[in-house]
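Participant: Build me a structure from this.
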Amino acid sequence: MSKLKLVSFVGLVVVVLVTLIILPACTKAAEPKVVTETVIETVVETVTETVIETVEEGGYAFYEEMREYAKAGEEYTGAPAAGHTLAFTNIMGGIPFCESVWQNIQDQWVLAGGDPADIFYADNQYDATIGLKNADIMLAKNPDVLINFQFDSKVNSIISTKFTQAGIPIIAVDVPTPNAPFMGCNNFYVSYLGGEYAIEAVEAQGGIDTIDAIILIQFPAGGDVLMLRSEGFYQAFVDKYGADVIDPITHRADGGAGEAEQANKAMTNILSTIPDAENVAMTSINEQTMSGCIAAIQTAGRWDSEKWFIVTMGCDDVGKQQIRDGLIDGAVAFFPEKYGEYLVPASVALMNDELVPPFLYVDNVVINSDNIDEWYPE
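Facilitator: Sure, this is the predicted structure:
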């Protein structure tokens, strides 16, 4: 019996039993309530235990098995993707991070027994309107699963409604989508990790009194979850030094959805408000935005790699080069080249009516000039 059928059957049992208990109680008011309550509690406890045991017994075994094949780069036993279709909407084609994600999905799809012709692809181009149009195009293709990599949280709510009504499951990448498992990083954790790393550099040069400003280049349109990708950095400093010390020197700006141009403008504006700041700790949502920020700092004639403590998020090809060029102190790696190792196992699990964890978090490491060749040898 499938899990869905089992839960439905259990629900029916509860309704029948409760009905049998409550109806006699309505006609026999003299009967003590405690008996009814005791029976109901017993039924509910038994049903709850049965459902929990059923879920725990099977758990996410199928997904985990597929993950093992994915991590090993081996063909998935049973070719679970064969005969199925998969849709993928990419947040922005051409960006190294996104290209790595897309390539790994294609590789894993083949390992899972899927036909390359059965993957439908669309480029959202960092544009909410295009993202919504692409979702409609994918919906018309009626895929078995949609992997939704789209930056605008409001648009994701619309997409969720449409695909839920069509009975097509979604897996969200990096930006949450309602009613969908989330695959990506734990945004607060990675940002906090970056903050701790920056604090090490601050302490090495003499402590927080040497810092003139803390800058957070943020992404409000991504929703509360994406805001955590910078607020964790701030919180690490607060936990170390106290809000009364950190708040007066903290500056926030909307750096856009992940491209350099808007981040450049945001950074230019910030620099005008802190003309005397020299020693600065800074983070942003990814390396593309940071490249725009660094360009703004250089254009303003205020660049000094010894005085700017910069930690980025992602460590894609742009980030690796920034580390090697000495432009940033470190990057919290998300390993986009391994995203497919989570997304395809989750997709084939859903295609085969198996459970998928609600959160599929990637492992993270701080990459710097000392260990970059260990993780990414040239």
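
Participant: which stretches of this structure form strands?
Facilitator: Using DSSP state E, the strands found in the chain span residues 86-90, 119-123, 145-148, 170-173, 182-184, 213-218, 250-254, 280-284, 308-314, 330-333, 359-361, 365-367.

Participant: which regions of this protein sit below the pLDDT cut-off?
Facilitator: 1-58 (pLDDT under 70).

Participant: one more time with 50, if that's ok
Facilitator: Counting by pLDDT under 50, the ranges of the chain that qualify are 1-55.

Participant: can you list the strands of the chain in JSON lines and add distance to residue 270?
Facilitator: Where C-beta positions appear, they are placed from N, C-alpha and C, glycine not excepted. Formatted as JSON lines, the strands of the chain follow (distance: least, C-beta to C-beta, whole Å):
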{"stretch": "strand 86-90", "distance to residue 270": "30"}
{"stretch": "strand 119-123", "distance to residue 270": "31"}
{"stretch": "strand 145-148", "distance to residue 270": "32"}
{"stretch": "strand 170-173", "distance to residue 270": "29"}
{"stretch": "strand 182-184", "distance to residue 270": "27"}
{"stretch": "strand 213-218", "distance to residue 270": "6"}
{"stretch": "strand 250-254", "distance to residue 270": "5"}
{"stretch": "strand 280-284", "distance to residue 270": "9"}
{"stretch": "strand 308-314", "distance to residue 270": "13"}
{"stretch": "strand 330-333", "distance to residue 270": "21"}
{"stretch": "strand 359-361", "distance to residue 270": "31"}
{"stretch": "strand 365-367", "distance to residue 270": "25"}
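
Participant: is it true that residue 215 touches residue 273?
Facilitator: No: using C-beta atoms under 8 Å, residue 215 is not in contact with residue 273; the gap is 10.5 Å.

Participant: Which residue of the two possesses the greater neighbour count?
Facilitator: residue 215 (27 against 10; other C-beta atoms under 10 Å).

Participant: Kindly state the beta-bridge partners for the more buried one.
Facilitator: Residues in a beta bridge with residue 215, per DSSP bridges, are residue 251, residue 282.

Participant: what residues are up against it?
Facilitator: Each residue near residue 215 by C-beta atoms under 8 Å, 6 or more residues apart in numbering is listed here: 250, 251, 252, 253, 267, 270, 280, 281, 282, 283, 293.

Participant: Distance to residue 114 for the residues you listed - can I get that in CSV?
Facilitator: Shown next, in CSV, are the contacts of residue 215 (distance: C-beta to C-beta, whole Å):
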residue, distance to residue 114
250, 47
251, 47
252, 43
253, 42
267, 43
270, 46
280, 47
281, 45
282, 42
283, 37
293, 40
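
Participant: between these, which has the most around it?
Facilitator: residue 283 (31 neighbours).

Participant: Can you get me a residue count around the residue lying closest to residue 355 once chain neighbours are set aside?
Facilitator: Of all residues not flanking residue 355 in the chain, residue 60 sits nearest, at 5.4 Å (C-beta to C-beta, 6 or more residues apart in numbering). By the criterion of other C-beta under 10 Å, residue 60 has 17 neighbours.

Participant: Residue 176 too?
Facilitator: 22.

Participant: surely it meets residue 153?
Facilitator: Yes: with contact defined as C-beta under 8 Å, residue 176 counts as touching residue 153 (6.7 Å).

Participant: Can you give me the domain boundaries for the protein?
Facilitator: 3-58, 84-184+340-350, 187-333 (automatic domain parsing).

Participant: Check the separation of the first and last residues in the longest one.
Facilitator: End-to-end distance of domain 187-333: 12 Å, with C-alpha to C-alpha, to the nearest Å as the criterion.
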